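Novice: predicted model, plus sequence, below.
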Amino acid sequence: MPFKIQTLTEIYGQPKVWRDCLQALAAADLRALVQGCEPEKKEWVFVGCGTSFYLAQAAAASVTSLLGVPARAVPASEILLFPALTLPQDASRYFPILISRSGHTSEVLQVAALLQSKAVDFLAVTCDGRELEQMTPRVLKFPVVEESTVMTASFTSMVLGLQYLAAVLAGDEAFLFALRALPDHLERLLEVYGPQVEAFAKAPVEDFAFLGQGPLYAIAQETALKVMESSSSYAQFFHSLEFRHGPKSIVGPDTVVTALLSESAFDAEVAVLREMKELGSRTLAIANLATPDLRQFADLVIELDLPVPELARIIVYVVWGQLLGSYRGLAKGLNPDNPRNLSRVVTL
């Protein structure tokens with residue numbers, strides 16, 4: 001049963017966690033978090049490490065789409081090692097958002113100290129709080145208690161929260177309504193597809209490739225990381241159409257190619273997955289609506305059927321990579337709660 005493993009308990013518990021976060025977000029004065037920063041006139045620079053960096057990329061795509069302002073994600077290490085390449089000299093040109101589940105990640109704290117030394121305001125996004133919460137008056141803190149090493153509910157909840165913030169600033173009530181509907185939809189989907197992912201994960205494969213475009217590219221990165229962390233498997237991520245340009249040489253019966261299919265580029269992305277199946281790969285497709293053609297050549301299809309905007313669905317796509325990693329780890333005799341060589345927080 002899934003609930004013998006803490007990581008799986010937290011994956012399956014995400015509908016409730018999302019409801020708790022949405023309730024907290026509705027009660028918060030989100031506009032006050034950015035008051036005086038003029039974020040509508042600046043580039044948003046999201047900063048994180050590991051999963052939080054992929055989270056930053058998803059948030060940057062969301063902010064650009066919802067607010068129409070430039071946004072990008074930067075690993076904390078790049079700012080520390082190559083500041084001239086990552087931050088403008090003029091601090092008035094950007095609005096930093098620092099992301100750390102624990103609030104204790106060394107490199108993120110070092111970036112926070114660097115910004116403090118330059119008198120640059122920044123927003124902290126966290127679950128635990130800790131030192132990061134003490135370094136700025138602008139804190140978006142999520143009621144997520146996560147005991148496992150790998151980030152699951154914390155990742156999806158913080159993406160949800162940053163999308164919610166952007167929608168509030170944009171005055172997009174329809175998008176906020178869509179976000180509020182996600183917990184019920186995920187609950188339904190987990191009942192249907194959780195057992196199917198568990199069965200799919202038992203196949204003895206060596207390599208995983210996750211493909212996505214647009215906002216789903218960040219999700220492809222995170223799903224690959226979850227499989228690596230939880231199952232000690234080799235997993236890579238690519239822009240969907242870029243997979244043809246060399247990386248497809250890894251494809252064969254010992255490879256799973258997972259396509260995170262968008263609506264915007266559905267036909268082009270499906271064509272790549274079909275080609276990989278013809279080359280002998282096992283295939284997993286995650287789509288909002290699946291066509292009969294897709295069902296013919298995908299070994300497993302997860303059909304979301306979400307009546308919400310495409311951008312509002314992205315956190316639902318990552319859940320299946322979280323499950324795949326945990327179940328694959330269990331199939332290999334590993335414990336996803338105790339991943340090899342990893343700790344909950346990276347401190348230097």
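Specialist: Yep, it's here. Residues are numbered from 1 along each chain as shown.
Novice: next, count neighbours for the closest residue to Leu311 other than its chain neighbours.
Specialist: The shortest distance from Leu311 to any non-neighbouring residue, by Cβ to Cβ, 6 or more residues apart in numbering, is to Ser65 (5.5 Å). Bear in mind the C-beta positions are built from the backbone N, C-alpha and C, glycine included. Ser65 is flanked by 18 other residues according to other Cβ atoms under 10 Å.
Novice: likewise Glu147?
Specialist: Neighbours of Glu147 using other Cβ under 10 Å come to 10.
Novice: same check on Leu25?
Specialist: The local packing of Leu25 (other Cβ under 10 Å) involves 21 other residues.
Novice: skip the chain neighbours and tell me the closest residue to it.
Specialist: Tyr164 (4.9 Å).
Novice: quick check: the one you found is in a helix.
Specialist: Yes - going by DSSP: H, G, I helix; E, B strand; the rest coil, the assignment for Tyr164 places it inside a helix.
Novice: can you tell me the element Val256 falls in?
Specialist: Element membership of Val256, judged by DSSP states H and E, is strand 255-260.
Novice: hmm, who's touching stretch 274-285?
Specialist: Defining contact as Cβ atoms under 8 Å, 6 or more residues apart in numbering, one finds that stretch 274-285 is touched by 200, 203, 205, 243-244, 248, 251-253, 255-259, 261, 270, 273, 293-294, 297-302, 320, 324.
Novice: hmm, back to that, the residue nearest to Leu311 against Pro215, yeah?
Specialist: Yes - if you go by Cβ atoms under 8 Å, Ser65 and Pro215 touch, sitting 7.3 Å apart.
Novice: just the helices in the chain please.
Specialist: 6-12, 14-27, 30-33, 51-67, 76-81, 83-86, 106-117, 130-134, 153-170, 173-200, 216-231, 266-278, 292-297, 314-331 (DSSP state H).
Novice: mean pLDDT lowest where, among those helices?
Specialist: Here the lowest mean pLDDT among these goes to helix 83-86, at a mean of 92.
Novice: hang on, the earlier thing: spit out the residues that contact Ser65 and Pro215 alike.
Specialist: Shared contacts of Ser65 and Pro215, defined by Cβ under 8 Å, 6+ apart, comprise Leu311.
Novice: using PDB, list the CA coordinates for stretch 65-75.
Specialist: Output of stretch 65-75 as PDB, limited to C-alpha atoms (Å, rounded to 0.1, in the frame of the first residue of the first chain):
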ATOM      1  CA  SER A  65       2.100  34.800 -19.200                       C
ATOM      2  CA  LEU A  66      -0.200  36.300 -16.600                       C
ATOM      3  CA  LEU A  67       1.300  39.700 -16.000                       C
ATOM      4  CA  GLY A  68       3.000  40.400 -19.300                       C
ATOM      5  CA  VAL A  69       6.300  41.400 -17.700                       C
ATOM      6  CA  PRO A  70       9.700  39.800 -18.300                       C
ATOM      7  CA  ALA A  71      10.700  37.100 -15.900                       C
ATOM      8  CA  ARG A  72      13.500  34.500 -15.700                       C
ATOM      9  CA  ALA A  73      14.900  32.000 -13.300                       C
ATOM     10  CA  VAL A  74      18.600  31.800 -12.200                       C
ATOM     11  CA  PRO A  75      20.300  29.200 -10.000                       C
END
